[in-house]
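1. 3D, please:
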Amino acid sequence: MTQTQQETAPGGTWRELLGSRYAPVASVLAGGVLLEAGNVYLTTSLLPTIVSEIGGAEFYAWTMMTFLLASVVSSMLVSRILTRQGATRAYLLALGLFALGSLLCAASPWMSALLFGRAVQGLGGGLLAGLGYALIQRSLPERLWARAAALVSAMWGVGNIVGPVVGGLFAQLDAWRVTFIGLAVACALIGVVAVRALPRTARGRSADPVPWVSLVLLAGGVSAVGVASVVPGGVGTVIALVVGVALCAWFLRHERRGSTGILPRATFDRGSSLGWVYLAVAVLAFGIGTEAFIPLFGQEIGGLIPFVAGLLGAALSLGWSVTQIVTANATGIRSRRVLITVGPLVVAIGLAAFGLLQHGGPTPLVVTLWFVTLFLAGAGIGLGFPHLTVAALGSTTDEEEGAKAAAAVNTVFIIASAFSAALAGVLVNIAAPDHAASARLLMLTFAGISVLGVFVARRAGRGIGTV
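-> Residues are numbered from 1 along each chain as shown. Presented below is the predicted three-dimensional model:
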């Protein structure tokens, strides 16, 4: 296909996206999201080694919650920072924060210092992930949006595979500080490419002031959910979950009625499909909340060695990453709507099948089926995710609102992931110490949520091709 043919192709091609013209932009956007995603799982692998050196075991779970909360806060400011700073300056700010946080972690003499470094990392990571989606609209032609969205989204799955491997290797070498220094170096390298590749977008004043009330309400809600996942099970967990849900409901009420907010105004417009798009993203993100416990089930129920159990945990992300690279090739309106609608059903089938296969002393065939069913569940996420991102990108013709709509995909994804992780912890504790019963309860409950998501996804699919 000649360059002229590529320019006029209605759907674009992977060859065009990864060709000499757009490959630098694609690598910058994907690389930033990979930093955010890989860091999540990499740090988890390093934590036992870190705690053994600097102490602070009682704050073990807070290293993730601090990073996640900071990511949520900064991801909600993506569109405003992008408008005020322009594409290149905004991306360099995100890389700078992430690199600074990484160096602070590397130099941490005690746990409180590490937590501060993780917070700074999270601020940069939330911006990187949000910009990874928002800059698709400003730096690439519309015909490449679906493939770019698939590439960027796939980095979450790649991070789940690469992070534990790299983290485990450096933990084995007792070189966890070197790992964080390496992240800072990676930021510098991506920054060099970003300066050359990203478009010089105009800078100006954002049309909206910073929505402080929305930020406080949502940050408080996510914090409460994070607390629910770390406090001892029982009344404390229930209270924390109720507070988290109440604050998030208050956030939505304020967003609907307020003059300024985090979500685009079209989210709440009568007849708009954007709200359904975000709900569909949340449903798919819920399925990912099971990942943290899959390696545990593999070791305790299947007797798998830690490395193989880790691969089992990565099967869902692998299915997500591989499938969305393929399904991003769909260009017809009808086919994209079908993929979005069918996705949650496939997730439900995969999770339910994995849950029903949980029993003590599984045979090698059953263990193999564990991998297959988890890959299937991940494939359900990958079926429609890139097209949901495109539906958000194309929900408005206003540039700033479009950036806000795209960045909100990442915000919704992180929030839903936090809620799902907390709920997963509650469900696992209910059936403890029977790991097989915990696995069945967790997977079948989340499968039920995914089935309900089919209706949501169907409504979200109507947003394809409407703008």
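2. quick check: I136 vs L151, distance?
-> I136 sits 9 Å away from L151 when distances are taken as C-beta to C-beta, to the nearest Å. Using the backbone N, CA and C atoms, a C-beta is placed for each residue, glycine as well.
3. what do the two both touch?
-> L29 (C-beta atoms under 8 Å, 6 or more residues apart in numbering).
4. now A352: which helix or strand?
-> Element membership for A352 (DSSP states H and E) is helix 333-356.
5. distance from that helix to the middle of the chain?
-> Here the centre of helix 333-356 is set off from its chain's centre by 18 Å, with C-alpha atoms, centre = their mean, to the nearest Å.
6. just the buried positions in that helix, please.
-> By neighbour count with 16 or more other C-beta atoms under 10 Å, helix 333-356 contains the buried residues 336-355.
7. ok, then the element right after it?
-> Helix 333-356 is succeeded, C-terminally, by helix 364-393 (DSSP H and E).
8. report the mean confidence score over that next one.
-> Averaged across helix 364-393, pLDDT comes to 87.
9. relative to helix 333-356, how tilted is it?
-> 150 degrees (axes from the mean of the first three to the mean of the last three C-alpha atoms, to 10 degrees).
10. helices and strands around helix 364-393, which ones?
-> helix 111-139, helix 145-172, helix 274-288, helix 306-327, helix 333-356, helix 399-431, helix 435-461 (3 or more C-beta pairs under 8 Å, 6 or more residues apart in numbering; DSSP states H and E).
11. so which elements touch the last one?
-> Where contact means 3+ C-beta pairs under 8 Å, 6+ apart, helix 435-461 is packed against helix 274-288, helix 294-300, helix 333-356, helix 364-393, helix 399-431.
12. ok, which of these comes nearest G86?
-> Closest approach to G86 among the helices and strands packed on helix 435-461 (C-beta to C-beta): helix 399-431, 11.7 Å.
13. and that closest one, what's its mean pLDDT?
-> The pLDDT scores in helix 399-431 average 73.
14. count of neighbours near the nearest residue to V210 once chain neighbours are set aside?
-> Closest residue in space to V210, ignoring its immediate chain neighbours: R80 at 6.6 Å, by C-beta to C-beta, 6 or more residues apart in numbering. Other residues near R80 number 22, with proximity taken as other C-beta atoms under 10 Å.
15. is it true that R80 touches T260?
-> No - here R80 lies out of contact with T260, judged by C-beta atoms under 8 Å, at a distance of 10.1 Å.
16. restrict stretch 426-444 to CA atoms and write it as PDB.
-> C-alpha atoms of stretch 426-444 as PDB (Å, rounded to 0.1, in the frame of the first residue of the first chain):
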ATOM      1  CA  VAL A 426     -13.700  -9.200  50.900                       C
ATOM      2  CA  LEU A 427     -15.000 -12.200  49.000                       C
ATOM      3  CA  VAL A 428     -11.800 -14.200  49.400                       C
ATOM      4  CA  ASN A 429     -11.900 -13.600  53.200                       C
ATOM      5  CA  ILE A 430     -15.500 -14.700  53.500                       C
ATOM      6  CA  ALA A 431     -14.700 -18.200  52.500                       C
ATOM      7  CA  ALA A 432     -11.200 -18.400  54.000                       C
ATOM      8  CA  PRO A 433      -9.300 -20.600  54.800                       C
ATOM      9  CA  ASP A 434     -10.900 -22.800  52.100                       C
ATOM     10  CA  HIS A 435      -9.000 -21.600  49.100                       C
ATOM     11  CA  ALA A 436     -11.100 -23.600  46.600                       C
ATOM     12  CA  ALA A 437     -14.300 -22.100  48.100                       C
ATOM     13  CA  SER A 438     -12.800 -18.600  48.000                       C
ATOM     14  CA  ALA A 439     -11.900 -19.000  44.300                       C
ATOM     15  CA  ARG A 440     -15.400 -20.200  43.400                       C
ATOM     16  CA  LEU A 441     -17.100 -17.400  45.300                       C
ATOM     17  CA  LEU A 442     -14.800 -14.800  43.800                       C
ATOM     18  CA  MET A 443     -15.000 -15.900  40.200                       C
ATOM     19  CA  LEU A 444     -18.700 -16.700  40.100                       C
END
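17. buried residues, that stretch. List them.
-> Neighbour-count burial for stretch 426-444, counted by 16+ other C-beta under 10 Å, picks out 426-428, 435-436, 438-444.
18. what's the answer for stretch 298-308, then?
-> In stretch 298-308, counting by 16+ other C-beta under 10 Å, buried: 298-302, 304, 308.
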